[in-house]
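Undergrad: With the input below, show me the fold.
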Amino acid sequence: MRGQTHGLGGLRLGAALFNGDHTRLGEEVARLDAAGVNFIHLDVFDGHFVSDLGFPPRTIAALRPLTKLPFEVHLGALEPLRFVPALADAGADLVIFHIESVAMVYETLFMARQHGVRVGLALALGTPPSSLEPVIGSVDAVLLLARVTGEGARGAVFDPAVLPRVAAVRRMADAMGATVDVQVAGSVKREHVADLCAAGMNSLALGGGLYRVPDMTAEVRELRRVAHEVQHGR
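TA: The predicted structure follows:
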């Protein structure tokens, strides 16, 4: 079924379409499909919570017929529930909003799920993973950002501080018997993947680490090889 997590035993690879060529988005979707990624990561920003603007729902709706890959939305917005109905109608399978953007987390998760989408929470680097503990059993995914939120050179660097955060979320989910897709995004490159997998990451949304390599298909294959070696102890 489209949008379901393909088991949590292997690495799911996604591509952040925001890093693609915005003059040829349909072709970019086809290229990602051909490269063998598991999902398309779509950034939706409101210009306030994040100082940028992402894909509007009508663009997502226009792209939806072009692929059967799940559309997983990273919603960086104040009052995220304002966006959920339109994103659901546009064909989003999973909507991940920031825990920092809402006052009543459980209630927002509950109301978002009423629109027929899977739901998740994103955490900026400065937000303690312990904030997830009351609601970890109510989410399908947790997205941990691996770079400073925002623009500029300082924000474009992978921060290894994400590694113990991944491990903490994985331990928390396992201790509660919760099946949670632990995702990471933000300036991740091939050299970071082994450590992230060892820490407990399930899904990786790549931007420049996938779009800036000469052969996207070969890179997807290599990343899966690296993850397989970690998971099987070789």
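
Undergrad: what comes up buried for stretch 118-129?
TA: Buried residues in stretch 118-129, defined by neighbour count with 16 or more other C-beta atoms under 10 Å: R118, V119, G120, L121, A122, L123, A124, L125, T127, P129. C-beta here means a position set from N, CA and C on the backbone, and glycine is covered the same way.

Undergrad: Which stretches in the protein count as strands?
TA: 12-16, 39-45, 71-76, 94-98, 118-123, 141-145, 181-185, 203-206 (DSSP state E).

Undergrad: Also compute the angle for the third one relative to strand 12-16, please.
TA: What it means is strand 71-76. Counting by axes from the mean of the first three to the mean of the last three C-alpha atoms, to 10 degrees, strand 71-76 lies at 60 degrees to strand 12-16.

Undergrad: now the fifth one
TA: Interaxial angle of strand 118-123 relative to strand 12-16 (the same axes, to 10 degrees): 70 degrees.

Undergrad: From here on, call the first residue 50.
TA: Sure thing, new numbering starts at 50, so read that last one as strand 167-172.

Undergrad: What angle do strand 143-147 and strand 167-172 make with each other?
TA: Using the same axes, to 10 degrees: strand 167-172 against strand 143-147 is 30 degrees.

Undergrad: returning to that earlier point: out of the strands of the chain, the one nearest V154 is which?
TA: strand 167-172 (7.3 Å; C-beta to C-beta).

Undergrad: packing partners for the closest one?
TA: strand 120-125, strand 143-147, helix 154-162, strand 190-194 (3 or more C-beta pairs under 8 Å, 6 or more residues apart in numbering; DSSP states H and E).

Undergrad: if we go to 7 Å?
TA: Other helices and strands packing on strand 167-172, by 3 or more C-beta pairs under 7 Å, 6 or more residues apart in numbering; DSSP states H and E, are strand 143-147, helix 154-162, strand 190-194.

Undergrad: Go through the longest one and flag the buried ones.
TA: Counting neighbours by 16+ other C-beta under 10 Å, one finds that the buried residues in helix 154-162 are V154, T157, L158, A161, R162.

Undergrad: thinking again about what came up before, now that we have the strands of the chain, can you turn them into a markdown table and tack on distance to R274?
TA: Below are those laid out as a markdown table (distance: least, C-beta to C-beta, whole Å):
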| stretch | distance to R274 |
| --- | --- |
| strand 61-65 | 12 |
| strand 88-94 | 19 |
| strand 120-125 | 23 |
| strand 143-147 | 26 |
| strand 167-172 | 27 |
| strand 190-194 | 23 |
| strand 230-234 | 18 |
| strand 252-255 | 14 |
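
Undergrad: so C246 touches H277, yeah?
TA: No: taking contacts as C-beta atoms under 7 Å, C246 lies outside contact range of H277: 9.1 Å.

Undergrad: got the buried residues for the worst-scoring helix or strand of the chain on mean pLDDT?
TA: One helix or strand of the chain scores below all others by mean pLDDT, DSSP states H and E: helix 257-260, with a mean of 88. Within helix 257-260, the residues that count as buried by 16+ other C-beta under 10 Å are G258, L259, Y260.

Undergrad: quick one: contacts of that helix?
TA: With contact meaning C-beta atoms under 7 Å, 6 or more residues apart in numbering, helix 257-260 is reached by A64, N68, G69, V237, K238, R239, M265, E268.

Undergrad: if you set the cut-off to 8 Å instead, what comes out?
TA: With contact meaning C-beta atoms under 8 Å, 6 or more residues apart in numbering, helix 257-260 is reached by A64, N68, G69, A84, V86, S236, V237, K238, R239, M265, E268, V269.

Undergrad: for stretch 211-227, same thing?
TA: Contacts of stretch 211-227 (C-beta under 8 Å, 6+ apart): 172, 174, 178-179, 181-182, 185-186, 188, 191, 193-195, 228-229, 231, 233, 235, 244-245, 248-250.
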